[in-house]
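> This is a predicted model, with the sequence first.
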Amino acid sequence: MAGRLRETIASGINNKANWEGTDIDLQEWSIEVGGDDADITDTSTAGIKRSMTVTDEYTMSANALWKYGSQPTDNPPALARGCVGTLRLYLSSEKFVEAEAEIKTFSVTSQVAGAVTFTFTAEFQTAIDWPSASLFSSSSSSSSST
């Protein structure tokens, strides 16, 4: 079965996220929904009728920055591939979404003078409860720990 097309449902710049208690400054992020997993069940005794439900998959991609000088008491975020934890994404200074997520990819892009830039992708384990569609613009930002 061919997978459903992925659609960007939210994106932003200069936001903050939190992974298992460590703040991450996001330079750019996006969340997509799509999916190709499906549950197929027989709905008749003859096994002819079938019912199919496509499971949505929510994934996040981000470019991020971690500065040792600004966060000297924090450890760098442990975003190792395969780790499962709580990811909180701040959509504004008061609004955030939070869900269990699995880190799918992690890559350091540069490490200069105590500033580490990196990219990561995560797949949410559950659907995300969005506070308001009006918050999804690239102009939304939050206070940052930098």
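On my side now, so go ahead.
> what about Leu26, distance to Ala17?
5 Å (CB to CB, to the nearest Å). In this view, the C-beta of every residue, glycine as well, is placed from N, C-alpha and C.
> And for Leu79?
Separation of Leu79 from Ala17 (CB to CB): 10 Å.
> Next, show the common contact partners of Leu26 and Ala17.
Ala62, Ala64, Leu89 (CB atoms under 8 Å, 6 or more residues apart in numbering).
> Narrow the residues you listed to those in strands?
Among those, DSSP state E puts Ala62, Ala64, Leu89 in strands.
> what ranges do the strands span in this structure?
4-19, 22-42, 50-67, 84-90, 96-112, 115-124.
> Next, the angle strand 50-67 makes with the first one.
This means strand 4-19. 40 degrees (axes from the mean of the first three to the mean of the last three CA atoms, to 10 degrees).
> So what are the sheet partners of strand 4-19 and their directions?
Applying DSSP bridges, strand 4-19 is found paired with strand 22-42 (antiparallel), strand 84-90 (antiparallel).
> Name the residues of that strand that are buried.
Residues of strand 4-19 classed as buried: Arg4, Ala10, Ser11, Gly12, Asn14, Asn15, Lys16, Ala17, Asn18, Trp19 (neighbour count, 16 or more other CB atoms under 10 Å).
> TSV please, covering these and showing distance to Glu123 and pLDDT.
Listed next are the buried residues of strand 4-19 as TSV, based on distance: CB to CB, whole Å; pLDDT from 0 to 100:
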residue	distance to Glu123	pLDDT
Arg4	15	57
Ala10	15	84
Ser11	17	87
Gly12	19	89
Asn14	24	87
Asn15	19	90
Lys16	21	91
Ala17	15	91
Asn18	18	90
Trp19	14	89
